[in-house]
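A.B. asks: Could you work out the structure for the sequence below:
(4 chains)
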There are 4 protein chains.
Amino acid sequence: MTLRVGVIGTGAIGKEHIHRITNKLTGARIVAVNDVNAAQAEAAAKGAGVDARVFDSGQELINSPEVDATIVASWGPTHEEFVLASIAAGKPVFCEKPLAVTAEGCRKIVDAEMAHGKRLVQVGFMRRYDRSYRQLKKVLDDEKIGAPLILNCAHRAPAAPGFKGDMAITDSIVHELDVLRWLLNDDYVSAQVILPRKTRLCDADLQDPHVILLRTAQGILINIESFVNAQYGYDIQCHVVGETGTASLPEPADVILRSEAKLSRAILVDWQLRFIDAFDVEFQDWIDCSIRGEAQGPSSWDGYVVSVTTDACVKAKQTGNIEPINIPAIPAFYAG
Amino acid sequence: MTLRVGVIGTGAIGKEHIHRITNKLTGARIVAVNDVNAAQAEAAAKGAGVDARVFDSGQELINSPEVDATIVASWGPTHEEFVLASIAAGKPVFCEKPLAVTAEGCRKIVDAEMAHGKRLVQVGFMRRYDRSYRQLKKVLDDEKIGAPLILNCAHRAPAAPGFKGDMAITDSIVHELDVLRWLLNDDYVSAQVILPRKTRLCDADLQDPHVILLRTAQGILINIESFVNAQYGYDIQCHVVGETGTASLPEPADVILRSEAKLSRAILVDWQLRFIDAFDVEFQDWIDCSIRGEAQGPSSWDGYVVSVTTDACVKAKQTGNIEPINIPAIPAFYAG
Amino acid sequence: MTLRVGVIGTGAIGKEHIHRITNKLTGARIVAVNDVNAAQAEAAAKGAGVDARVFDSGQELINSPEVDATIVASWGPTHEEFVLASIAAGKPVFCEKPLAVTAEGCRKIVDAEMAHGKRLVQVGFMRRYDRSYRQLKKVLDDEKIGAPLILNCAHRAPAAPGFKGDMAITDSIVHELDVLRWLLNDDYVSAQVILPRKTRLCDADLQDPHVILLRTAQGILINIESFVNAQYGYDIQCHVVGETGTASLPEPADVILRSEAKLSRAILVDWQLRFIDAFDVEFQDWIDCSIRGEAQGPSSWDGYVVSVTTDACVKAKQTGNIEPINIPAIPAFYAG
Amino acid sequence: MTLRVGVIGTGAIGKEHIHRITNKLTGARIVAVNDVNAAQAEAAAKGAGVDARVFDSGQELINSPEVDATIVASWGPTHEEFVLASIAAGKPVFCEKPLAVTAEGCRKIVDAEMAHGKRLVQVGFMRRYDRSYRQLKKVLDDEKIGAPLILNCAHRAPAAPGFKGDMAITDSIVHELDVLRWLLNDDYVSAQVILPRKTRLCDADLQDPHVILLRTAQGILINIESFVNAQYGYDIQCHVVGETGTASLPEPADVILRSEAKLSRAILVDWQLRFIDAFDVEFQDWIDCSIRGEAQGPSSWDGYVVSVTTDACVKAKQTGNIEPINIPAIPAFYAG
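C.D. replies: Got it, this is the predicted structure:
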């Protein structure tokens, strides 16, 4: 069977997913599109050479008998509504982050999905599908470095023109918040945010970098640096200190050069290149699972936990204190 | 359109291609299989959940109106016949190496293809599709290290149980012979083979390692070490010395470990893992090109040149001398 | 002129310095020794083939007209007394850490030295003489990565059999406390100590690892991990995040091996090997300066500041709070 | 005792040795100097603040009762005469390379030293004292990679303004010729020289790079690239392929930078910095041995063997053939 997919939101990310599913992956076909800008939706489909019906609303698209599953790539505040509609329609839905813009909204989705009785939702945390994170997880799961005690992570970008307020936490660190608890099979219990000396190479209003300290239920200390105007490149690091050794995420492979008195290797500057393969693996997996009637990737529960944690980090930034993170016990529905 | 593909030869490699095209790539479908062992062909299709017709002969498969394009993954000595039949049928054919077991056979294919008037043949030299070789080629093409002067390459495997005679040259070094001339946009003019001290960790009859020295038309010196019982892993290296710097193929990325008084990274032991992504890219490209009625990958001419070069290397091993490699000027048909 | 040196304390470290000055460095001669165990002092001199007079007390050794300068390598609590005696005698003194066991004791030395009117004291913080730290300092001083914003440091040892209580702070982290403010030309203003999940591979009573967070006057955030039962090796790390890039202390150079499916390099297990060259440079510099009547290395003031900072870290560990570090303005006597 | 040293030849290298022995090493004192330019000799001593007598001739210096040992750092063609005079005087002599400008001259020295009955001569092959080469030798001696089969070495410099003719062989590769046979405990049996494509970034008359292939008595194949106008830096490489793994000389340690989209480490451009530590170790060892009446470093025999090998390489460059290298059996006097 071929999965007939509808895409809600045909901006840059939506277009990329249309291209990906059409030209790179197998098992699915884009059959429907929707956007607040209908003309853009039509253009996106045409541009990809896809014969897709343009729907007037996301709701109609979701409910159409021609659509087996939906990708939600629209504006963040609309996600909750479309995901709930997909659950109501009993159809698989892939939702880009955030699952909802509030923890309460995420919780509603969790409750609706449990009421439905079967997992339908996958949240777009692509790092779990990145080869290097998977290699790192395998090292940890195989206990090659004993029990993890400390994690030192960094999330650096060359520049972040539109960033303001707490976006470093809400828009970039969320990826760490998801992938690290998956990596450790653990959950967060408290957060502290430290504001180091500010770089002068960004808007005077913006605090950059941030350091977020998290503690897990097992007592593991996680140190995440977010530095979105780091100039030199896009660089994701994760170093785990365990009882008998350390394990670090590898650098993306590239040619080793000896030139101009330097031994060097290129660092990426474009974040999209860093996880481009992960997106492919993520969507192929979603397609394969959807066809089999399963759901395996990051769940509504994961989206909810990340939302609760993000809120605690934002609060910790405001108070300067160590703030508790209260995550309820995981429902059996989502466990294992 | 979906490319309807027939596979001739359903051993390990043939099966893998059936799986790849069915479950990982887009645009093609396996519709036909053939093998000297008909039961194996049927089992291969069934095992992959593919609804494919089993043909009694490769010729019939090639000529069937249900088949748009063919993959030849049968026993080496049969390749020539099936490739010629594909050309006669005017259909695209992907042929695993060798294109033919003799240079004369390769030449026949070249001549037949030119007589046909359009490129139809792609030879299975997958390294050109490997990301790291492409990164290296880009560095050279961008003149990041000036004109190349010397290449130092190594092709090492942990063990090679069935190897004998000149198989190091005819079965493993052929990949270097193809990829290096593509990397340099150059051709070979002479070969010398040096037999260093033998490892004790292989059959007493086998010479291992070999060092092959090639000179190109531009005067570049290429040093290729083939060491198929190197014990420690599967390791492909390529270091280019240019006028202003050097460039080296990156190591496959993997977790960096600090453990037991060592800073380490895993080295692959299974050769299939080294080029597994390259196979995917290679076949997706072949499918895409075949649908468009084009051919872009390694050509019959490339297969012919590698065959001529291989023969010269085998002769150089016998004589101990520097043997000339006489490659005719590339026909306009294959140039550019 | 040859500097005539007396050594107080002839345990392991004292003996090593006798050997170093006698057989590896130039410009000085060991002429006097003293130890609470007189027989040991005599044996230490004899063992090194040195013709040195054994003094009954450190005071006599310091005051002897045969002694130009003194090395204090005795038990920590005795340092203050011998350093004060050296200042009283107007003679250069090299004092292993700690300068004194209390900040108050250090302050007394600072005051005595200022009253004397000329620098005489050098404290044994050898990391400033380590080539890799000097390379890192040069990178920072040359503004290769812009202004430093964050430092991530680690101090790991394979095991620490005798460690208890706060020794991780008082005995090992002191070296970071000295070298980091030298590296940054900055001073600490607050400390926080976080106790991560404990390793099971140490005494049940011992907290290991510790994470110490320091903030400097310029707002730089310093994160120091102390992990003295890290099993895998002796490993000193320092990564500086600056406005335009990052700079990391290099690993000690060693042979790169490909063996047993690993690409690896040895990590030291013996801490003495890590800084053995630094000790040589440190003492040669002390000898050269002493002969010229100068003092350039880590001063009494540095020893005092480290002592104040250590106290704040110990307090922060007890309270769990961010504790202020109150360092007076540096006297002109020690500045520049 | 203090070794009283005379220096013949006070050009750049001679001056450096005067400085080294005076200010960095222990156990020796410069008491005498000589140069064809007497004023320069006097200036060299004065410049180093050394109270040394200026001799009118090297012979007088060697024979003076005030001189215990001699360093020969004069013009190459004069070495033989001064080394022979030192042997005649029964005094230790350190001779910069070459030991003599002809193999015959070297042989005369060997014969004179054996006739004298005791080793007195050390040749200035400093690489044996380099830490990284020693680390590599230990890996080989400990059989960490099994028996060596192939060596790939490179000797690259940014530029070589005065180089002409065969100087790449006679002036730079000589260091590899010495250190590699020491590394392998082996001797050379044949040489081949290959002239790859020439760089355009040097004098039109100069062939650069060269590739020298050597075979040892054990059958090990050695590939040495000499590239003296490599632009990018001074870079010495040595990669050993053994039966069970490979071992490579480490890069000189330096700060790891992330900056301007590059992960990089500096490469040296000044050759003197590469081996500056080795010179110190080499001379301290020579001083210590000379005081003990021993000789342990590179011997006259080593100088002779290198001279014979150099001649064979020069011949191989002329003929293009594989030329035999005929090294007599090592006399018991020099063995072990």
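
A.B. asks: give the contact list for residue A:118.
C.D. replies: Neighbouring residues of residue A:118 by Cβ atoms under 8 Å, 6 or more residues apart in numbering or on different chains: residue A:295. In this view, the C-beta of every residue, glycine as well, is placed from N, C-alpha and C.

A.B. asks: you'd agree it is in a strand?
C.D. replies: No. Read with DSSP: H, G, I helix; E, B strand; the rest coil, residue A:118 is coil and lies in no strand.

A.B. asks: From residue A:92, how far off is it?
C.D. replies: Relative to residue A:92, residue A:118 is positioned 10 Å away (Cβ to Cβ, to the nearest Å).

A.B. asks: Name the residues of whichever helix or strand residue A:104 is part of that come out as buried.
C.D. replies: According to DSSP states H and E, residue A:104 maps onto helix A:103-116. Residues of helix A:103-116 classed as buried by neighbour count (16 or more other Cβ atoms under 10 Å in any protein chain shown): A:103, A:105-110, A:112-114.

A.B. asks: Next, count neighbours for the residue of the stretch 201-336 of chain A at minimum distance from chain D.
C.D. replies: Across the stretch 201-336 of chain A, no residue is closer to chain D than residue A:264, which sits at 3.7 Å (Cβ to the nearest Cβ). By the criterion of other Cβ atoms under 10 Å in any protein chain shown, residue A:264 has 23 neighbours.

A.B. asks: repeat for residue A:49
C.D. replies: For residue A:49, the count of nearby residues is 10 (other Cβ under 10 Å).

A.B. asks: Outline the domain layout of chain A.
C.D. replies: A:3-123, A:132-268+A:305-335 (automatic domain parsing).

A.B. asks: The nearest residue to residue A:270 once chain neighbours are set aside and residue A:1: what is the separation?
C.D. replies: Leaving aside its chain neighbours, residue A:270 sits nearest to residue A:234 (6.4 Å; criterion: Cβ to Cβ, 6 or more residues apart in numbering or on different chains). The gap separating residue A:234 from residue A:1 is 38 Å, by Cβ to Cβ.

A.B. asks: who has more neighbours, these two?
C.D. replies: The residue with more neighbours, out of residue A:234 and residue A:1 and counting by other Cβ under 10 Å, is residue A:234; that gives 22 against 8.

A.B. asks: hang on, the earlier thing: and the residue of the stretch 201-336 of chain A closest to chain D, which of the three is it?
C.D. replies: strand.

A.B. asks: which non-adjacent residue is nearest it?
C.D. replies: That would be residue D:264: by Cβ to Cβ, 6+ apart, it lies 3.7 Å from residue A:264.

A.B. asks: Tell me the spacing between the one you found and residue D:255.
C.D. replies: If you measure residue D:264 against residue D:255 using Cβ to Cβ, the figure is 9 Å.

A.B. asks: Repeat that for residue A:12.
C.D. replies: Residue A:12 is 38 Å from residue D:255, by Cβ to Cβ.

A.B. asks: more crowded one of those two?
C.D. replies: residue D:255 (25 against 9).

A.B. asks: residue contacts, that one?
C.D. replies: C:132, C:135-136, C:139, C:247-250, D:265-266.

A.B. asks: repeat that for 6 Å
C.D. replies: C:135-136, C:139, C:247, C:250 (Cβ atoms under 6 Å, 6 or more residues apart in numbering or on different chains).

A.B. asks: out of these, which are inside strands?
C.D. replies: residue C:247 (DSSP state E).

A.B. asks: Could you check how many residues crowd around residue A:57?
C.D. replies: Counted with other Cβ under 10 Å, the neighbours of residue A:57 add up to 14.

A.B. asks: State the distance from it to residue A:6.
C.D. replies: Residue A:57 sits 11 Å away from residue A:6, taking Cβ to Cβ as the criterion.

A.B. asks: Could you do residue A:126 as well?
C.D. replies: 20 Å.

A.B. asks: Those two: which has the busier surroundings?
C.D. replies: Counted by other Cβ under 10 Å, residue A:126 and residue A:6 do not tie: residue A:6 has more neighbours, with 28 against 24.

A.B. asks: mean confidence score for the helix or strand that contains the more buried one?
C.D. replies: Per DSSP H and E, residue A:6 falls inside strand A:3-8. Mean per-residue pLDDT for strand A:3-8: 98.

A.B. asks: Also stretch A:211-227?
C.D. replies: Stretch A:211-227 comes out at a mean pLDDT of 98.

A.B. asks: what does stretch A:283-296 give?
C.D. replies: Stretch A:283-296 comes out with an average pLDDT of 95.

A.B. asks: quick one: is that stretch near chain B?
C.D. replies: No. Taking Cβ under 6 Å from any Cβ of the partner chain as the criterion, stretch A:283-296 and chain B are apart, separated by no less than 7.6 Å.

A.B. asks: residue ranges of the strands in the stretch 201-336 of chain A, please?
C.D. replies: With DSSP state E, counting those that start in this stretch as the criterion, the stretch 201-336 of chain A has strands at A:210-216, A:221-227, A:235-242, A:245-248, A:256-259, A:262-266, A:323-324.

A.B. asks: Mind giving me the packing neighbours of the fifth one?
C.D. replies: Contacting strand A:256-259 under the criterion 3 or more Cβ pairs under 6 Å, 6 or more residues apart in numbering or on different chains; DSSP states H and E are the following elements: strand B:245-248.

A.B. asks: Just list what the strand it packs on packs against, helices and strands only.
C.D. replies: So strand B:245-248, by 3+ Cβ pairs under 6 Å, 6+ apart, packs with strand A:256-259.

A.B. asks: ok, 7 Å please
C.D. replies: Contact partners of strand B:245-248 among helices and strands, from 3 or more Cβ pairs under 7 Å, 6 or more residues apart in numbering or on different chains; DSSP states H and E: strand A:256-259, helix B:131-141, strand B:235-242.

A.B. asks: got JSON lines for these, with mean pLDDT, mean neighbour count and distance to residue C:173 too?
C.D. replies: Formatted as JSON lines, the helices and strands packed on strand B:245-248 follow (pLDDT from 0 to 100; neighbours: other Cβ atoms under 10 Å in any protein chain shown; distance: least, Cβ to Cβ, whole Å):
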{"stretch": "strand A:256-259", "mean pLDDT": "98", "mean neighbour count": "22", "distance to residue C:173": "36"}
{"stretch": "helix B:131-141", "mean pLDDT": "98", "mean neighbour count": "18", "distance to residue C:173": "42"}
{"stretch": "strand B:235-242", "mean pLDDT": "98", "mean neighbour count": "23", "distance to residue C:173": "41"}
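
A.B. asks: Which of the ones you listed sits closest to residue C:310?
C.D. replies: strand A:256-259 (42.6 Å; Cβ to Cβ).

A.B. asks: what pLDDT, on average, does the top helix by length along chain A get?
C.D. replies: Looking across chain A with DSSP state H, the single longest helix is helix A:300-319. Mean pLDDT, computed over helix A:300-319, is 98.

A.B. asks: Pull out the buried positions in it.
C.D. replies: The neighbour-count check on helix A:300-319 (16+ other Cβ under 10 Å) flags A:300-314, A:316-317 as buried.

A.B. asks: Surely residue A:28 is in contact with residue A:288?
C.D. replies: No. Contact criterion Cβ atoms under 7 Å: residue A:28 and residue A:288 do not qualify, at 9.3 Å.

A.B. asks: which of the two has more neighbours?
C.D. replies: Between residue A:28 and residue A:288, residue A:28 has the larger neighbour count (other Cβ under 10 Å), namely 25 against 17.

A.B. asks: about what we covered before: just curious, which of the buried residues of helix A:103-116 is nearest to residue C:52?
C.D. replies: Of all those, the one sitting nearest residue C:52 is residue A:103; the distance, using Cβ to Cβ, is 73.7 Å.

A.B. asks: gap between the closest residue to residue A:296 other than its chain neighbours and chain C?
C.D. replies: In space, and not counting its chain neighbours, residue A:296 is closest to residue A:289: 5.3 Å by Cβ to Cβ, 6+ apart. Using Cβ to the nearest Cβ, to the nearest Å, residue A:289 is found at 33 Å from chain C.
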